[in-house]
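1. dropping a prediction and its sequence here:
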Amino acid sequence: MSTTTSHTPPESEGQPEGALEPDGRPERLIHDGATTEIPVNLLFRDDPDPQNPVTVPIKPALVIRRQGTGEQPRPALPAPVRRRPLPEVDPELQERPAAVLPGAAGVLAGAFGITGCLATSWWAGLLPPAVLEALRLPASLGAGFGPAQWAAYAGASALGILGFGGLTRGRTGRAWVLGRFGRYRGTVRRTGLLWVNPLLPRQRVDVRLRHWRSQAMPAADPDGMPLRVVVLVVWRMRDTARAVLGIEDHETYLRECVEAALARVPVEPADRTGGEVPAAGDALTRLVAEETAPVGLEVFSVQPLTVEYAPDVAGAVHRRRIAELDARQRAGMLDSVLDSVLDSVEETVNRLTARGLVELDDYERKVLVRDLTVAFCAGRGEPS
């Protein structure tokens, strides 16, 4: 009994290329796939035909899952949270030099004021005869202070007060921040004897290179274990206007920025790095410098000095370190014992074969090496 299997060629076989379907469109090349037709209107066709829009076949998306694993589609990972930039300080609040005069101008103005007061007193006839004789001045015919004398005396007194009252000494590493009616008027960084308008309120600030050693601050190592870290910060005030007027307390802000950076940067304990933590120091310096730059502070270095585990976990970490050292020592001792046993076995086999006491093939050599290794290891393990 025979069975005849007939094969029917697909409809597309035997048809010429470029065959058309009954509706006049080109024949589909794929007959088994499920497709979807989306009408697309071409805007720049020369002869648009709204009745027959162009269709683009699109295959449905395939979701591949491994059979028998119960794998579910993974949800999309959330986008990383970006830190919001720090608020920008008033752009108009930038350090600029204040208008000051040399100290000689204030001295001259004060001297002219005193001279004017003496001249007004002589004009009013109020100088005693002894002063007139000492100054070799003729007697005045004035009979007291009148309106003119009062005006001259007030002007000379104001000149003397402004001249001597505005004298100040500029010191290296110090600066004066000047203001008037709540507005910033400039910064004085010059040194020596200067004359500054005494009507402007002034505030002395330190612009030298400064360092600050912190107290023990909380931090964490790469494994999440709590630490206590003492850092050394080297910094200075770069923009006095922003540091003094743009923020309430720049020193407190610096300390809080260091604490925030320690909370984000893992610090390696000294027993893991041999006392050096350059990576953590560089990361801390970069973070603190970026956060303090908008307020006029320039940070050069933030380096951990002391890194210790917190008291509540110090005991457990210490016991773990001892266990690791003990295991490492035991492994080293085992390696040394095994090396010595192998050396002894090799020397014994070489001596036996060199003196011709035994003749061994490969199999016998392997057996002998195994027996000698077991014997030597058993001998090393016996108490002496």
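-> Received, thanks.
2. switch to C-alpha atoms for all contacts and neighbour counts from now on
-> Will do.
3. so what's Leu352 up against?
-> Contacts for Leu352 (Cα atoms under 8 Å, 6 or more residues apart in numbering) come out as Val358.
4. can you show me the helices along the stretch 251-384 of the chain?
-> 270-273, 278-292, 311-354, 362-381 (DSSP state H, counting those that start in this stretch).
5. wait, which of the ones you listed is closest to Gly155?
-> helix 278-292 (48.2 Å; Cα to Cα).
6. residues contacting the closest one, please?
-> Applying Cα under 8 Å, 6+ apart, the set of residues contacting helix 278-292 is 86, 254, 257-258, 261-262, 265-268, 297-304.
7. related to what we said a few turns ago, now mean pLDDT and distance to Met237 too, for the helices of the stretch 251-384 of the chain, in JSON lines please.
-> Shown next, in JSON lines, are the helices of the stretch 251-384 of the chain (pLDDT from 0 to 100; distance: least, Cα to Cα, whole Å):
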{"stretch": "helix 270-273", "mean pLDDT": "59", "distance to Met237": "32"}
{"stretch": "helix 278-292", "mean pLDDT": "88", "distance to Met237": "10"}
{"stretch": "helix 311-354", "mean pLDDT": "74", "distance to Met237": "36"}
{"stretch": "helix 362-381", "mean pLDDT": "75", "distance to Met237": "69"}
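8. any idea which of these gets closest to Gly179?
-> So among the helices of the stretch 251-384 of the chain, helix 278-292 is nearest, using Cα to Cα, at 23.4 Å.
9. enumerate the positions of the closest one that are buried.
-> Buried residues in helix 278-292, defined by neighbour count with 16 or more other Cα atoms under 10 Å: Ala280, Gly281, Ala283, Leu284, Thr285, Arg286, Leu287, Val288, Ala289, Glu291, Thr292.
10. after the lowest-mean-pLDDT helix or strand in the chain comes which helix or strand?
-> Ranking every helix and strand in the chain by mean pLDDT, DSSP states H and E puts strand 54-58 at the bottom, with a mean of 48. Counting by DSSP states H and E, the next helix or strand C-terminal to strand 54-58 is strand 101-102.
11. mind listing what that following strand pairs with, with the direction of each?
-> Each strand paired with strand 101-102, and its direction, by DSSP bridges: strand 192-195 (antiparallel).
12. re earlier: just put the buried residues of helix 278-292 in a markdown table and tack on distance to Arg236.
-> Formatted as a markdown table, the buried residues of helix 278-292 follow (distance: Cα to Cα, whole Å):
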| residue | distance to Arg236 |
| --- | --- |
| Ala280 | 21 |
| Gly281 | 18 |
| Ala283 | 19 |
| Leu284 | 17 |
| Thr285 | 14 |
| Arg286 | 15 |
| Leu287 | 16 |
| Val288 | 13 |
| Ala289 | 11 |
| Glu291 | 14 |
| Thr292 | 11 |
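13. looking at the residues you listed, which is nearest Arg183?
-> Distances from Arg183 to the buried residues of helix 278-292, taken as Cα to Cα, are shortest for Thr292 (23.0 Å).
14. domain map for this protein?
-> What automatic domain parsing lists as the domains of the chain is 101-206, 226-309, 314-381.
15. average pLDDT for the longest one?
-> For domain 101-206, the per-residue pLDDT values average out at 87.
16. wait, which of the buried residues of helix 278-292 is closest to Trp235?
-> Ala289 (9.2 Å).
17. residues near Gly116, how many?
-> Using other Cα atoms under 10 Å, Gly116 has 20 other residues around it.
18. picking that back up, which of the contacts of helix 278-292 are buried? Put it as a ChimeraX command.
-> Buried subset of the contacts of helix 278-292, written as a ChimeraX selection, criterion 16+ other Cα under 10 Å:
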select :254,257,258,261,262,265,266,267,268,297,298,299,300,301,302,303,304
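19. which one of the domains of the chain lies closest to Ser214?
-> domain 226-309 (5.6 Å).
20. and the helices of the stretch 251-384 of the chain, which is most packed in?
-> Of all the helices of the stretch 251-384 of the chain, helix 278-292 has the most neighbours on average by mean count of other Cα atoms under 10 Å, namely a mean of 19.
21. span of stretch 265-285 from start to end?
-> Stretch 265-285 has its terminal residues 11 Å apart, counting by Cα to Cα, to the nearest Å.
22. what's the closest non-adjacent residue to Trp235?
-> If the residues on either side of it in the chain are set aside, Trp235 comes closest to Val299, at 4.3 Å by Cα to Cα, 6 or more residues apart in numbering.
23. just curious, which of the buried residues of helix 278-292 is nearest to Arg171?
-> Set against Arg171, the nearest of the buried residues of helix 278-292 by Cα to Cα is Thr292 (25.7 Å).
24. quick check: the gap between Leu360 and Lys366.
-> 9 Å.
25. same question for Ala323.
-> The value you get for Ala323 to Lys366, if Cα to Cα is used, is 38 Å.
26. quick one, what contacts the residue nearest to Ile114 when sequence neighbours are not counted?
-> Excluding its sequence neighbours, the residue lying closest to Ile114 (Cα to Cα, 6+ apart) is Gly160, at 5.9 Å. Contacts for Gly160 were tallied using Cα under 8 Å, 6+ apart; they are Ala109, Gly110, Ala111, Phe112, Gly113, Ile114.
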